[in-house]
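In: What shape does this take:
(one chain, ligands or ions: 2)
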Amino acid sequence: MAKQSLETIRVFALGGLGELGKNMYVVETEEEILIIDAGWMFPEDDMLGVDVVIPDISYLVQNKEKVRGIIVTHGHEDHIGALAYILRKIQAPVYGTKLTIGLVEDHLKEKGLRKKADLRQIHGESRITVGQFPIHFFRVTHSIPDSVGISIETPQGLIVHTGDFKFDQNPVDGLYTDIDKLTRIGKRGVLCLLSDSTNAEIPGTSPSETSTGSGIAEVFQEAEGRIMVTTFASNVHRIQQVINAAQSEQRKIAVVGHSMSKVIEISRKLGYLHCPDDIFVDPSEVENMDPKRTAVLCTGSQGEPMSALTQMAKGSHHELAVEKGDTVVIAANPKAGNEKSVSRLIDFLYQLGAEVIYGRDNVHASGHGFQEELMLMLNLLRPSYFIPVHGEFRMQQAHGELAEAAGVSPDNTFLLDKGEVVEFTNKKAKRSGKVPSGNVLIDGLGVGDVGNIVLRDRRLLSEDGILVVVVTLNKKSTGIVSGPDIISRGFVYVRESEELMEEANTKVKTTLEKALSENVKEWSTLKSNVRDVLSRFLYEKTKRRPMILPIIMEV
Ligand SMILES: [Zn+2]
Ligand SMILES: [Zn+2]
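Out: Ligands and ions are numbered 1, 2, ... in the order given. Presented below is the predicted three-dimensional model:
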């Protein structure tokens, strides 16, 4: 045992620090690696054309024989979305609660990986051993049911990861954050706490999920026409409260949007959503129903252009359209970066003559605890060391300040970036270098093939468009056989710029002829001559810098 206590433990994140999304935390000893969560993130605005972003897992792949397991704290995509990509490279069992595993199964099925994966179900009271690590869980309240935090026993003490949490004093399913167990864990002594920083900047206590239920019920009592409600598809409690409100006002519900139908199906099957079968109607029936007896539950709370609500608003949905007299409830707050598209959508709905109820109207409550709740967690666990996680840097920092108020010395709080390692030896922690970390971009079937160079090109194309110059030379490269032909996209409207294009054409032609007469034969030189002359000319005339792509052919 003496030797074991000397063993160094390393803790770091491959995602989830300095950002909201793609959570992935790692606990590592000499022989073993334990992974907590494997999420993805939606791309930033400058990642043009990218579908999703996952963490760079090259460190884990290099050490894949050490990986003993992946524990997922709950079923949100910023915690499970990258699993399929990771399980393709690393073989390890995945542990999660019943609903979480249900959602993981579905996610893996879509990627064709369900059969290969080793999925193991746990619950709030489970005690398991993964590799050498004895692990306990504790139930937490969050915006998806069946969320847990994790307590990992190490020879140096407990490492606790809260997962995403709030202390909801009136949870919809009656399952509270397990304060009793947290107290016991705190009494045993926590070496290091990793805790959710999302709302570390917001004072006070977050409203209970139940309060949104009253907000929604009020809308259902008062609305004269149809009601359309959108929320995060995974927010099963919110969906339950919409169903309850519909039931008590004798409205039927049409579910629109793939992810919404999927989550409802899975959570009903697993017993997390309770409602009679006959409350649901097919979306195609809605048009012929009494508006006062109808509600639509749909995706699109973030104003996503392809989502059900946006399409219903724009008239491009094949079954339903928002009309004058409808009441639209956006039972969600826009996530950072989505504010604009949501406010555009709200404007658009008002223009259609709909009544819009949104965040400020008591129809949304965050799933992440505010300052008082984060303090409560710190006070219950009294950690020796603290790593604020799940947040942008300013949230991590605010969380660090709360920890200081709760008695954790600032020297013992680590504000980390992705990849930065904290090392524990003899119960003392220090920073210890970095492991590779970063973003892996996923575009269509490509994983990681879109990098900075491709993104730079996409950015250029999106700014001033492209010009392709095609010219055919004779075999000996002494003269032009045909062309140059200039084709442009996204640069100018060619029909109104014939003069400019003709002039550009002449420029290219004279440049090439001059070079050829001077016996220049290398295509690379010819191409760069064309590029230089053309880009200078076009900039003079238009002050634009399109991408120029010369193509030389030979006959
Ligand atoms: Zn979450
Ligand atoms: Zn999260």
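
In: For the residue of the stretch 451-555 of the chain found nearest ligand 2, pull up the helix or strand it's in.
Out: Of all residues in the stretch 451-555 of the chain, Leu455 sits closest to ligand 2, at 25.6 Å by C-beta to the ion. For the C-beta atoms, the positions are set from N, CA and C on the backbone; glycine is no exception. Taking DSSP states H and E as the criterion, Leu455 maps to helix 452-464.

In: Near Glu28, how many other residues are there?
Out: 22 (other C-beta atoms under 10 Å).

In: returning to what we had before: give the full set of residues in contact with the residue of the stretch 451-555 of the chain closest to ligand 2.
Out: With contact taken as C-beta atoms under 8 Å, 6 or more residues apart in numbering, Leu455 is in contact with Asp46, Met47, Leu48, Val50, Leu441.

In: list the contacts for the first one?
Out: Contacts for Asp46 were tallied using C-beta under 8 Å, 6+ apart; they are Leu455, Arg459.

In: Relative to ligand 1, how far out is it?
Out: 25 Å (C-beta to the ion, to the nearest Å).

In: Also the last one?
Out: Distance of Leu441 to ligand 1, computed by C-beta to the ion: 22 Å.

In: what pairs with that residue across the strands?
Out: Leu441 has these beta-bridge partners by DSSP bridges: Val53.

In: Tell me the pLDDT of it.
Out: We note a pLDDT of 85 for Leu441 in this prediction.

In: burial count for it?
Out: Around Leu441 there are 22 residues (other C-beta under 10 Å).

In: who in this protein is up against ligand 2?
Out: Contact residues, the chain versus ligand 2 (C-beta under 5 Å from the ion): Asp78, Asp164.

In: picking that back up, beyond the helix holding Leu455, next helix or strand please.
Out: strand 466-473.

In: how about TSV for the contacts of Leu455, with secondary structure added?
Out: Formatted as TSV, those follow (DSSP: H, G, I helix; E, B strand; the rest coil):
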residue	secondary structure
Asp46	coil
Met47	coil
Leu48	coil
Val50	coil
Leu441	strand
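
In: how about those in a markdown table, adding distance to Asn379?
Out: Shown next, in a markdown table, are the contacts of Leu455 (distance: C-beta to C-beta, whole Å):
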| residue | distance to Asn379 |
| --- | --- |
| Asp46 | 41 |
| Met47 | 40 |
| Leu48 | 45 |
| Val50 | 41 |
| Leu441 | 41 |
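
In: Okay, and Ser488 sits in which element?
Out: Per DSSP H and E: strand 480-489 holds Ser488.

In: so what secondary structure elements neighbour that strand?
Out: With contacts taken as 3 or more C-beta pairs under 8 Å, 6 or more residues apart in numbering; DSSP states H and E, strand 480-489 sits against strand 466-473, helix 498-517.

In: quick one: which of these is nearest Val342?
Out: strand 466-473 (32.6 Å; C-beta to C-beta).

In: May I have the strands that pair with the closest one, each with its orientation?
Out: Strand 466-473 has the following strand partners under DSSP bridges: strand 480-489 (antiparallel), strand 547-554 (parallel).

In: thinking again about what came up before, now do the strand holding Ser488 and helix 498-517, the angle between them.
Out: Here the directions of strand 480-489 and helix 498-517 differ by 140 degrees (axes from the mean of the first three to the mean of the last three C-alpha atoms, to 10 degrees).

In: for the record, mean pLDDT for strand 480-489?
Out: The average pLDDT within strand 480-489 is 84.

In: any low-confidence regions in the protein?
Out: Within the chain, the stretches with pLDDT under 70 are 1-6.

In: Which positions in it make contact with ligand 1?
Out: Neighbours of ligand 1 within the chain, by C-beta under 5 Å from the ion: His76, Asp164.

In: How is the chain divided into domains?
Out: Domain ranges of the chain: 9-204+366-439, 209-358, 452-554, per automatic domain parsing.

In: Can you name the residue of the stretch 201-350 of the chain nearest to ligand 1?
Out: Counting by C-beta to the ion, the stretch 201-350 of the chain gets nearest to ligand 1 through Ser234 (8.2 Å).

In: Check the secondary structure at that residue for me.
Out: Recorded secondary structure, Ser234: coil (three-state DSSP).

In: Ligand 2 versus that one, what's the distance?
Out: Counting by C-beta to the ion, the gap from Ser234 to ligand 2 is 11 Å.

In: ok so, going back, tabulate the strands paired with strand 466-473 in a markdown table, adding columns for mean neighbour count.
Out: Output for the strands paired with strand 466-473, formatted as a markdown table (neighbours: other C-beta atoms under 10 Å):
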| stretch | mean neighbour count |
| --- | --- |
| strand 480-489 | 16 |
| strand 547-554 | 17 |
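
In: Helices of the stretch 251-400 of the chain, start to end?
Out: In the stretch 251-400 of the chain, the segments counted as helices under DSSP state H, counting those that start in this stretch are 258-269, 308-314, 339-351, 371-381, 393-405.

In: Highest mean neighbour count out of the ones you listed?
Out: helix 308-314 (a mean of 24; mean count of other C-beta atoms under 10 Å).

In: what's that one in contact with?
Out: If you take C-beta under 8 Å, 6+ apart as the criterion, helix 308-314 is touched by 228, 230, 256-257, 260, 296, 298-301, 303-304, 317, 320-322, 328, 345, 348-349, 352.

In: Restricted to strands, list those residues.
Out: Per DSSP state E, strands hold the following members of these: Met228, Thr230, Val256, Val296, Cys298, Val328.

In: Buried by neighbour count, from the contacts of helix 308-314: which ones?
Out: Buried members of the contacts of helix 308-314, scored by 16 or more other C-beta atoms under 10 Å, are 228, 230, 256-257, 260, 296, 298-301, 303-304, 317, 320, 322, 328, 345, 348-349, 352.

In: Now the single nearest residue of the stretch 301-450 of the chain relative to ligand 2: closest residue in space that isn't a chain neighbour?
Out: Using C-beta to the ion, the closest approach of the stretch 301-450 of the chain to ligand 2 is made by His390 at 5.7 Å. Spatial nearest neighbour of His390, chain neighbours left out: Asp196 (4.6 Å); criterion: C-beta to C-beta, 6 or more residues apart in numbering.

In: Could you pull up the residues touching the residue in the stretch 351-500 of the chain positioned nearest to ligand 1?
Out: In the stretch 351-500 of the chain, the residue that lies nearest ligand 1 is Gly367 (6.0 Å; C-beta to the ion). Neighbour list for Gly367: His142, Ser143, Ile144, Asp164, Lys166, Glu209, Asn235 [criterion: C-beta under 8 Å, 6+ apart].

In: how about 7 Å then?
Out: Counting by C-beta atoms under 7 Å, 6 or more residues apart in numbering, Gly367 makes contact with His142, Ser143, Asp164, Lys166.

In: so can I have JSON lines of those residues showing neighbour count and secondary structure?
Out: Formatted as JSON lines, these follow (neighbours: other C-beta atoms under 10 Å; DSSP: H, G, I helix; E, B strand; the rest coil):
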{"residue": "His142", "neighbour count": "30", "secondary structure": "coil"}
{"residue": "Ser143", "neighbour count": "24", "secondary structure": "coil"}
{"residue": "Asp164", "neighbour count": "24", "secondary structure": "coil"}
{"residue": "Lys166", "neighbour count": "29", "secondary structure": "strand"}
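
In: and of those residues, the nearest to ligand 1?
Out: Distance to ligand 1, by C-beta to the ion, is smallest for Asp164 among these, at 3.5 Å.

In: one step back: which residues touch the residue lying closest to the residue of the stretch 201-350 of the chain closest to ligand 1 once chain neighbours are set aside?
Out: Spatial nearest neighbour of Ser234, chain neighbours left out: Ile144 (4.9 Å); criterion: C-beta to C-beta, 6+ apart. Residues near Ile144 by C-beta under 7 Å, 6+ apart: His74, Gly75, His76, Ser234, Asn235, Val236.

In: If we go by neighbour counts, what in stretch 77-85 is buried?
Out: Buried residues in stretch 77-85, counting neighbours by 16+ other C-beta under 10 Å, are found at Glu77, Asp78, His79, Ile80, Gly81, Ala82, Leu83, Ala84, Tyr85.
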